[in-house]
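*Asks:* Just need the structure, nothing else, for what follows:
(one chain, ligands or ions: 2)
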Amino acid sequence: MSNESLANLLKEERRFAPPAELAAAANVTAEAYEQAKADRLGFWAEQARRLAWATEPTETLDWSNPPFAKWFADGKLNVAYNCVDRHVEAGNGDRVAIHFEGEPGDSRAITYAELKDEVGRAANALTELGVQKGDRVAVYLPMIPEAVVAMLACARIGAAHSVVFGGFSADAIAARIKDADAKVVITSDGGYRRGKPSALKPAVDEAVSRVDGVRHVLVVQRTKQDVAWTEGRDVWWHEITRKQSAEHTPEAFDAEHPLFILYTSGTTGKPKGILHTSGGYLTQAAYTHHAVFDLKPETDVYWCTADIGWVTGHSYITYGPLANGATQVMYEGTPDTPHQGRFWEIIQKYEVSILYTAPTAIRTFMKWGDDIPAKFDLSSLRVLGSVGEPINPEAWIWYRKNIGGDRCPIVDTWWQTETGAMMISPLPGVTETKPGSAQRALPGISATVVDDEANEVPDGGGGYLVLTEPWPSMLRTIWGDDQRFIDTYWSRFEGKYFAGDGAKKDEDGDIWLLGRVDDVMLVSGHNISTTEVESALVSHPAVAEAAVVGAADETTGQAIVAFVILRGTANAEDEGLVADLRNHVGATLGPIAKPKRVLPVAELPKTRSGKIMRRLLRDVAENRELGDVTTLTDSSVMDLIQTKLPAAPSED
Ligand code: ATP
Ligand code: MG
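*Replies:* Ligands and ions are numbered 1, 2, ... in the order given. Take a look at the predicted model:
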């Protein structure tokens, strides 16, 4: 980004008031902002009391050695006890914790009492395998309940887990095992994806053969496919847990005891091992899940479609919902197996009332067509959430209308692996929402937008998103690399956490996320965000999804190149369409943002967590050799895009 601040081009006038009924009974009201503003640490101390502590903390924040924070440092708790046992002790053992829906259609309901027994057995099994407090355990599992059980079992005995997304390669697993020095790996024979069993254990076998120090591989049986077996090292989950007692006395650990390491999804480069600890993390995960989704544990059925391998799965499948005693759906497979209405069928079946998903999924559903969700009864829904990327206003409107029946509030939640929990989001019973904006820092969170010199930008201005005060679920460091932690997040602006994202404030002071600052385009001296141009393209009725990049250009410095996926009804061969799309962007955002080239493509390069990888598109647009493609879901996508490029005419 040049010294010039980020342009503010998009104007969005639509507003949606919170539903009166929801507002009247909301878990959190506008008062929370006032309370937190008056006494931020007091506010968080109060939220920490929503948890069960073995030793109540008397200290809230120790910020004597920034940026290394300690929250609730003299408190002790057991995270698994908070997520499971205390609900059973409160008389809710018969409540369903997890409605598991397997991709082939098998299902399983697990109550809190059953979950407690499973976690107890797994904790005893890990202990038998020699795992101790302070060790690391790698988890490489499909979306099955054992993934949650494994995480909680680690938490229960004080071993940090490092969950590796089940779609990653042996290389990625090996690198993560090595970096965290994991002693045990928990995996499965396989899982169901796209209608067939896909193997997981071979990648673990290969990874473990390349690194030292893994003593055991614990294997869940999911698909019953044949697996290679290393005697003495490999252990079947069902065999070892069957022998264990369901009783396990949880030990209380320090609030700052490591809970997990999670590597960022790698959109921008080499993954970083983000370290999260116990008390502060659980406080914020639980509070935000309660506040932002307005969760009523007695009546709601909650469903987060993220994978357990991402931070969203950690904070909003395992820790937040279970700490709150929620009933949730967990789905193993893909949204189009066996048909493109699978998600809506699941919502209908379990009467899901809160849905949390990602813009990438929403745009895919838009592409598949409105008629698909229309076939299902979605009337149980009452709150919708979005996370992972900026949501284009048009995708937001589509989500509200076609999934939310024009009645459900949408919470667009901005946060990161590093922040551990939600940071900027509307509150469904308070906020008048604006399509495409995450709006306001949550109570107790301090976020703003600054310019190059760290000055806060005025309303209407754009720049860099920063967090100005420490928060309970903040990362504590990058595993094994304190210096990289300081350099990456705390060096750009003194005393402030720099998130790496561009943002703007609108006339009301609400925050709009504008994509990563590394992706910002510099066109004729103007910093233009990818998000605004993409949103303008998606607001054209022919476009479902768009990715734009700045490619080197002799006259303008960079020129905007747009890759678009058309909606089912649009025709890619239509000669006039490309000109139409360019003009549409020009008319929406002004001539400066008019793309030089628009290329209809069938797919976009995405990370395994579904985020668009613009740096690869930039390589293509500048005819460079492609950079690292290992985090890509499907590398053949790039071949397809590359073959399109020379054929496309370059415009004026
Ligand atoms: P890496 O840091 O390795 O490149 P990553 O940033 O993709 O990976 P995550 O922590 O999963 O890894 O993603 C956080 C990022 O996702 C944010 O910094 C932001 O760019 C984007 N993001 C998440 N939620 C939102 C949202 N609601 N609106 C806009 N952007 C979002
Ligand atoms: Mg990141």
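
*Asks:* Show the contacting residues for R95.
*Replies:* Contacts for R95 (C-beta atoms under 8 Å, 6 or more residues apart in numbering) come out as H87, T111, Y112, P297, G325, T327. C-beta here means a position set from N, CA and C on the backbone, and glycine is covered the same way.

*Asks:* make it 7 Å
*Replies:* For R95, the contact set (C-beta atoms under 7 Å, 6 or more residues apart in numbering) comprises H87, T111, Y112, G325, T327.

*Asks:* and the last one, how far is that from D74?
*Replies:* Read that as T327. T327 is 34 Å from D74, where distance means C-beta to C-beta, to the nearest Å.

*Asks:* R400 - nearest residue in space that isn't next to it in sequence?
*Replies:* In space, and not counting its chain neighbours, R400 is closest to I410: 5.7 Å by C-beta to C-beta, 6 or more residues apart in numbering.

*Asks:* T327 and D74: who's more crowded?
*Replies:* T327 (25 against 14; other C-beta atoms under 10 Å).

*Asks:* roughly how far apart are the more buried one and D452?
*Replies:* 48 Å.

*Asks:* what do you get for L61?
*Replies:* When distances are taken as C-beta to C-beta, L61 and D452 turn out to be 29 Å apart.

*Asks:* More neighbours: which of those two?
*Replies:* With neighbours defined as other C-beta under 10 Å, L61 and D452 compare such that L61 has more, 19 against 14.

*Asks:* shouldn't L200 be in contact with Y192?
*Replies:* No - the criterion here is C-beta atoms under 7 Å, and L200 misses it with Y192 at 11.1 Å.

*Asks:* the strands in the stretch 401-550 of the chain, which residues?
*Replies:* Using DSSP state E, counting those that start in this stretch, the strands found in the stretch 401-550 of the chain span residues 410-412, 447-450, 462-467, 477-478, 497-505, 511-516, 521-523, 526-528, 543-553.

*Asks:* which stretch among the ones you listed comes nearest V137?
*Replies:* Evaluated over the strands of the stretch 401-550 of the chain, closeness to V137 peaks at strand 477-478, with 19.3 Å, by C-beta to C-beta.

*Asks:* and that closest one, what does it pack onto?
*Replies:* Packed against strand 477-478, as judged by 3 or more C-beta pairs under 7 Å, 6 or more residues apart in numbering; DSSP states H and E, are the following elements: strand 273-277, helix 482-489.

*Asks:* any idea of the angle the very next helix or strand once past the shortest one forms with strand 273-277?
*Replies:* Later in the chain than strand 273-277, the nearest helix or strand by DSSP states H and E is helix 279-292. For helix 279-292 against strand 273-277, the angle by axes from the mean of the first three to the mean of the last three C-alpha atoms, to 10 degrees is 90 degrees.

*Asks:* What strands flank the next helix or strand after helix 279-292, and is each parallel or antiparallel?
*Replies:* Remark: after helix 279-292, the chain's next helix or strand is strand 302-304, criterion DSSP H and E. Each strand pairing with strand 302-304, determined using DSSP bridges, is listed with its direction: strand 328-331 (parallel), strand 354-357 (parallel).

*Asks:* need those strands in TSV with distance to ligand 1, mean neighbour count and mean pLDDT, can you?
*Replies:* Conversion of these to TSV gives the following (distance: least, C-beta to the nearest ligand atom, whole Å; neighbours: other C-beta atoms under 10 Å; pLDDT from 0 to 100):
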stretch	distance to ligand 1	mean neighbour count	mean pLDDT
strand 328-331	20	24	98
strand 354-357	11	26	98
